[in-house]
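Colleague: model this:
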Amino acid sequence: MKLSTICSLMLLPTSLAFIPRVPSLTNHRSAVGSRLYAEAEEAAEEEAPASKGAEAISALTKDVNTVFSLEDINKILPHRYPFLLVDKVVEYEEGKSAVGVKSVTLNEPHFTGHFPDRPIMPGVLQVEALAQLAGIVCLQMEGAEPGAVFFFAGADGVKWKKPVVPGDTLVMEVEITKWNKRFGLAKATGRAYTDGELAVEVQQMTFALAK
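Modeller: Residues are numbered from 1 along each chain as shown. The predicted structure is shown next:
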């Protein structure tokens, strides 16, 4: 090294001789990106639900008892396939209320046209299913007989909240709010759910026994 060069270095300010080495911005961004990716991957693994298996999923309804089976319902309602829309009753309070279940399957004939590329249970059939569940209660009350025909006389305050599709289990509840045994008139409210979410509600249904 030339003497002139050495002298120039010796003349540099002391502060410049000890400037710390700073990592490049590119390397810094790469390190941050890798850390964020690793954290996101770890979070995704933690949030991923563990597989339960068929036995555990099936056991979710083990405490739900059947009060009226399909055979029992056939003795109460006059409806038959393809218009019987209650598969079983799991809760029942005589003369007051009931909870019933309708399993929705693609085999039902209305799905061929409603709609071919997007099957959805017609809203009117959801209301009809609620009416049939109310009929199971009403047709066992004083002044009525199991198997009797009753007419849908009105429905008020109907709201549909979400589509009901094949594969869904429609869990319905109805409450009888009024029963006139002399004239065979009844009023009821109803709601139905799929996967714990409200699908349809009816503020008031009116029925009349056929004379």
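Colleague: strands of the chain, residue ranges please.
Modeller: Using DSSP state E, the strands of the chain run over residues 88-93, 97-103, 150-160, 169-180, 185-194, 197-209.
Colleague: ok, which of the ones you listed comes nearest residue 79?
Modeller: Evaluated over these, closeness to residue 79 peaks at strand 150-160, with 10.4 Å, by C-beta to C-beta. In short, each C-beta sits where N, CA and C put it, glycine included.
Colleague: which positions in that closest one come out as buried?
Modeller: Using 16 or more other C-beta atoms under 10 Å as the test for burial, strand 150-160 gives 150, 152, 155, 158.
Colleague: ok, those vs residue 128, which is closest?
Modeller: Among the buried residues of strand 150-160, and counting by C-beta to C-beta, the member closest to residue 128 is residue 152, at 7.5 Å.
Colleague: so who does the closest one touch?
Modeller: Neighbouring residues of residue 152 by C-beta atoms under 8 Å, 6 or more residues apart in numbering: 128, 131, 205-207.
Colleague: per-residue pLDDT, it?
Modeller: In this model, residue 152 is scored at 93, pLDDT.
Colleague: please name the bridge partners of it.
Modeller: For residue 152, the beta-bridge partners under DSSP bridges are residue 207.
Colleague: who's the closest residue to residue 192 other than its chain neighbours bridged to?
Modeller: Leaving aside its sequence neighbours, residue 192 sits nearest to residue 172 (C-beta to C-beta, 6 or more residues apart in numbering; 4.3 Å). Counting by DSSP bridges, residue 172 is bridged to residue 100, residue 192.
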